[in-house]
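**Q** structure, please.
(chains A and B)
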Amino acid sequence: GAVVSQHPSWVICKSGTSVKIECRSLDFQATTMFWYRQFPKQSLMLMATSNEGSKATYEQGVEKDKFLINHASLTLSTLTVTSAHPEDSSFYICSARNIMNTEAFFGQGTRLTVV
Amino acid sequence: RKEVEQDPGPFNVPEGATVAFNCTYSNSASQSFFWYRQDCRKEPKLLMSVYSSGNEDGRFTAQLNRASQYISLLIRDSKLSDSATYLCVVALWAGNMLTFGGGTRLMVKP
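**A** Numbering: from 1, shown residues only, chains lettered A, B, ... in the order given. The predicted structure is shown next:
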């Protein structure tokens, strides 16, 4: 079964609205989670590293005020796309690593379409 | 130069063929290496870790050459179900973020 659950799996929103995506680790505690974005026919690109109890670390070129990350507990991180625009339409995937092993588990992904 | 580079393909092979994918990484301090498989519109899933001595899992064999900063994946006796994108993934250490290659697309034909 899934060990990282991401919700929603798809969302369509109007331009200018905000969308929140949740990522939960189901049977382990994740002090660190990662948020990726994947455009069609491209690879996953790391957007930010989410740290429980502290500020997220954003990759170069990713606007922290547009992509708000909250990691309030050891099992939940959220990504909020604020004032979404059509160019934000993409596949967003979260990931968490269980410190007991090296495997990274991915959420099911969220396909965001901004119209 | 990208941190992790792969030939995007696609590799079109008949069922039963043997196919090999290569990957190079730029950071010599990288410690952990993986091959992930991603089906269309799905999340990546771990195929296998890659160890310095090389490792095999059924029809899949992974090799690591630290001196050349090169990783390979060999698939023997290809099945239709092997059709997917194969992602080469590198991390600096066990807890570190993963860096993905662009992926190599494989299409196995009947």
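
**Q** give me the below-cutoff pLDDT ranges for the chain.
**A** If you meant another chain, say so; for now it's chain A. A:1-2, A:98-102 (pLDDT under 70).

**Q** let's do chain B instead
**A** Across chain B, the stretches falling below the confidence threshold (pLDDT under 70) are B:1, B:94-95.

**Q** tell me the residues of chain B that contact chain A?
**A** Neighbours of chain A within chain B, by CB under 8 Å from any CB of the partner chain: B:32, B:34, B:41-46, B:49, B:87, B:89, B:91, B:94-95, B:97-103. (C-beta placed from N, C-alpha, C; glycine too.)

**Q** which members of the residues you listed occur in strands, if any?
**A** Secondary structure from DSSP state E places B:32, B:34, B:45-46, B:49, B:87, B:89, B:91, B:98-100 of the residues of chain B next to chain A in strands.

**Q** I'd like those residues as JSON lines, with neighbour count appended.
**A** Compiled in JSON lines, those are given as follows (neighbours: other CB atoms under 10 Å in any protein chain shown):
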{"residue": "B:32", "neighbour count": "18"}
{"residue": "B:34", "neighbour count": "22"}
{"residue": "B:45", "neighbour count": "14"}
{"residue": "B:46", "neighbour count": "16"}
{"residue": "B:49", "neighbour count": "17"}
{"residue": "B:87", "neighbour count": "26"}
{"residue": "B:89", "neighbour count": "25"}
{"residue": "B:91", "neighbour count": "19"}
{"residue": "B:98", "neighbour count": "23"}
{"residue": "B:99", "neighbour count": "21"}
{"residue": "B:100", "neighbour count": "24"}
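
**Q** among these, which one sits closest to residue A:45?
**A** Distances from these to residue A:45 were compared by CB to CB; the smallest belongs to residue B:100, at 7.8 Å.

**Q** I'd say that closest one and residue B:87 touch.
**A** Yes: because the distance of 5.3 Å satisfies CB atoms under 8 Å, residue B:100 is recorded as touching residue B:87.

**Q** what touches both of these two?
**A** Common neighbours of residue B:100 and residue B:87, counting by CB atoms under 8 Å, 6 or more residues apart in numbering or on different chains, are A:43-44, B:36, B:44.

**Q** what's the farthest-apart pair in those residues?
**A** Comparing all pairs in the shared contacts of residue B:100 and residue B:87 by CB to CB, the longest separation belongs to A:43 and B:36, at 10.6 Å.

**Q** what is in contact with these two at once?
**A** By the contact definition CB under 8 Å, 6+ apart, residue A:43 and residue B:36 are jointly contacted by B:87, B:100.

**Q** returning to that earlier point: residue A:8: which of the ones in strands among the residues of chain B next to chain A is nearest?
**A** Within those, the smallest distance to residue A:8 is 20.3 Å, found for residue B:45 (CB to CB).

**Q** for the closest one, name its beta-bridge partners.
**A** Legend: beta-bridge partners of residue B:45 under DSSP bridges are residue B:37.

**Q** OK, contacts around it?
**A** Neighbour list for residue B:45: A:106, B:36-38 [criterion: CB under 8 Å, 6+ apart].

**Q** so how far is stretch B:83-98 from its chain's centroid?
**A** In terms of CA atoms, centre = their mean, to the nearest Å, the gap separating the centre of stretch B:83-98 from the centre of its chain is 9 Å.
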